[in-house]
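**Student:** heads up, no residue letters with this:
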């Protein structure tokens, strides 16, 4: 029978860490790009596009990530495409993150006083010049705390990808527990790993919030 | 004094604006001549600010015509509207400086982005204009570091940076503490002396009396009475204007 020392547990969890970080990064980047595209489309003001995006956001905000993972994982297979847990998790987390990012950023843009739009209009700036020089620099500062807060949520939510067989930190913890029968210790270490990733990000978010609180 | 203002910069004919069933402007006719200072006075809700916002295209109006230098403006055409806004500057009650930019960059933005100046040229112009409003030392500071009066002077410099034909001032001292009003009015008075064309919506009657070539009294969406500053403040004709002025010590 294989015996696991404490170091073996920690070592194996460290090996799985890149998968958690990688999936989180994919969600940030994929969700960020898609979220930005959705934001621009929403700001265009076309009422059908706006309605469509609102519906999209509602679907992803109104259903559990776990269900979204199942639907994407089994849904892709319905189209005859060979689905890997990585592909399903990539698609699911990118869509999920984009819905939240676009909502956070849209709220930030909308929170900018009308006077800023009017002042920049009165200087004869075009719509995109207004966004680039006036609206986005402030909206980005406003959206930093909720964006970073949501990034922390994503990191924690990647643990759900274990249910479709994606081997990341939580899934590795489950497998080690099945061998060692020491769930408290193993999940304790797993939690510590999540905390050591998320806590510094939260601290950075708080610092940025304080730094930009006057420029809003 | 009127002779030197013979060139008509802005001509407004039968301008009507309503919000739903509420008629705010009921047929405004007004000409603004070059280098002229016109103050618009009247009770809150009489349509003063709405008139300025219509001229600048910030509000759509239902009917009427506005000509700039004899050219009728199609306010539905964005390109034409932007051209108009290059020649009609606006200063707002609540300053509306851009909070993420330094004071210098606030002033330099229009010349750089709209007029196509280089960074160096636009920043030099900004420094020069800030010097004119006695704020050259605030060039690198951010709006939140300035007092209300200083922010409003920056807003005036920002409007001047576009070299507009006319500047619309919409109650520019209303949001200021009383002790800060004077510094802003001094700047406006200096502009008037320098021959800048100004349309000023104000509740500062003594200032309007002192600085204006003409004064328009608005009531219920009409220009009720218009004349020289002396006509309006010293020889008011209508009972409504007399009543309005009785609330102020001019």
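**Tutor:** Looks like it came in fine. This one's a predicted model, so the numbers in the text were calculated from it and none came from an experiment.

**Student:** Give me the secondary structure label for residue B:45.
**Tutor:** With DSSP: H, G, I helix; E, B strand; the rest coil as the basis, residue B:45 sits in coil.

**Student:** Count the residues that sit near residue A:170.
**Tutor:** Other residues near residue A:170 come to 24 when the count uses other C-beta atoms under 10 Å in any protein chain shown. C-beta: built from backbone N, CA, C; applies to glycine.

**Student:** quick one: it from chain B, how far?
**Tutor:** 40 Å (C-beta to the nearest C-beta, to the nearest Å).

**Student:** ranges for the helices of chain B?
**Tutor:** Secondary structure of chain B (DSSP state H): helices at B:48-55, B:78-87, B:103-109, B:119-132, B:148-160, B:178-193, B:205-211, B:229-234, B:239-246.

**Student:** where does the chain dip in pLDDT?
**Tutor:** Went with chain A since none was named. A:1-2, A:214-216 (pLDDT under 70).

**Student:** Hmm, no, I was thinking of chain B.
**Tutor:** Using pLDDT under 70, chain B drops low at B:1-6, B:249-250.

**Student:** Show me which residues of it sit near chain A.
**Tutor:** By C-beta under 8 Å from any C-beta of the partner chain, the residues of chain B that approach chain A are B:56-58, B:82-83, B:85-86, B:89-90, B:92, B:94, B:96-101, B:109-110, B:113-114, B:142, B:144, B:155, B:158-159, B:162.

**Student:** which ones among those are found in strands?
**Tutor:** B:89, B:90 (DSSP state E).

**Student:** Among the residues of chain B next to chain A, name the buried ones.
**Tutor:** B:56-58, B:82, B:85-86, B:89-90, B:92, B:94, B:96-101, B:109-110, B:113-114, B:142, B:155, B:158-159, B:162 (16 or more other C-beta atoms under 10 Å in any protein chain shown).

**Student:** can you list the residues of chain A near chain B?
**Tutor:** Applying C-beta under 8 Å from any C-beta, we find that chain A lies next to chain B at A:113, A:115-116, A:118-126, A:129, A:133-134, A:137-138, A:141, A:214-216.

**Student:** So what's the residue count around residue 53?
**Tutor:** Went with chain A since none was named. Neighbours of residue A:53 under the rule other C-beta under 10 Å: 20.

**Student:** wrong one, chain B
**Tutor:** 21.

**Student:** do residue B:69 as well
**Tutor:** 12.

**Student:** nearest spatial neighbour of it, skipping sequence neighbours?
**Tutor:** Nearest non-adjacent residue to residue B:69, counting by C-beta to C-beta, 6 or more residues apart in numbering or on different chains: residue B:9, 6.3 Å away.

**Student:** cool, residue B:27 as well?
**Tutor:** Of all residues not flanking residue B:27 in the chain, residue B:14 sits nearest, at 5.1 Å (C-beta to C-beta, 6+ apart).

**Student:** Please report how far the one you found lies from chain A.
**Tutor:** Counting by C-beta to the nearest C-beta, the gap from residue B:14 to chain A is 24 Å.

**Student:** residues contacting that residue?
**Tutor:** B:27, B:28, B:29, B:63, B:64, B:65 (C-beta atoms under 8 Å, 6 or more residues apart in numbering or on different chains).

**Student:** What of residue A:72?
**Tutor:** So, once contact is read as C-beta under 8 Å, 6+ apart, residue A:72 ends up touching A:88, A:91, A:92, A:95.

**Student:** can you rerun that using 6 Å?
**Tutor:** Residue A:72 sits next to A:88, A:91, A:92 when contact means C-beta atoms under 6 Å, 6 or more residues apart in numbering or on different chains.

**Student:** in which helix or strand would I find residue A:72?
**Tutor:** helix A:65-78 (DSSP states H and E).

**Student:** chain center to stretch B:86-100: distance?
**Tutor:** 10 Å (C-alpha atoms, centre = their mean, to the nearest Å).

**Student:** The nearest residue to residue A:76 once chain neighbours are set aside: what secondary structure?
**Tutor:** Setting aside the residues directly before and after it, residue A:76 is nearest to residue A:83 in space (C-beta to C-beta, 6+ apart), at 4.5 Å. Secondary structure state of residue A:83, per three-state DSSP, is coil.

**Student:** can you give me the helices in chain A?
**Tutor:** Under DSSP H, chain A gives helices at A:6-43, A:47-61, A:65-78, A:85-110, A:114-122, A:127-129, A:136-157, A:169-180, A:183-211.

**Student:** just the ones you listed: most buried one?
**Tutor:** helix A:85-110 (a mean of 21; mean count of other C-beta atoms under 10 Å in any protein chain shown).

**Student:** now the angle from it to helix A:136-157?
**Tutor:** 150 degrees (axes from the mean of the first three to the mean of the last three C-alpha atoms, to 10 degrees).

**Student:** and helix A:85-110, what does it pack onto?
**Tutor:** helix A:6-43, helix A:47-61, helix A:65-78, helix A:136-157 (3 or more C-beta pairs under 6 Å, 6 or more residues apart in numbering or on different chains; DSSP states H and E).

**Student:** Kindly reformat those as CSV containing distance to residue B:196.
**Tutor:** What follows is the helices and strands packed on helix A:85-110, written out as CSV (distance: least, C-beta to C-beta, whole Å):
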stretch, distance to residue B:196
helix A:6-43, 36
helix A:47-61, 42
helix A:65-78, 60
helix A:136-157, 30
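
**Student:** Pull the residues that contact stretch A:85-94.
**Tutor:** Contacting residues not belonging to stretch A:85-94 are listed as A:23, A:26-27, A:30-31, A:68-69, A:72-73, A:161, A:164-166 [C-beta under 6 Å, 6+ apart].

**Student:** and residue B:41, how many neighbours does it have?
**Tutor:** Neighbours of residue B:41 (other C-beta under 10 Å): 27.

**Student:** Surely it is in contact with residue B:216?
**Tutor:** No - using C-beta atoms under 6 Å, residue B:41 is not in contact with residue B:216, being 7.3 Å away.

**Student:** thinking again about what came up before, next, the contact list for the residue nearest to residue B:69, please.
**Tutor:** Residues in contact with residue B:9, defined by C-beta under 6 Å, 6+ apart, are B:32, B:34, B:165, B:166, B:197.

**Student:** Great, nothing more from me.
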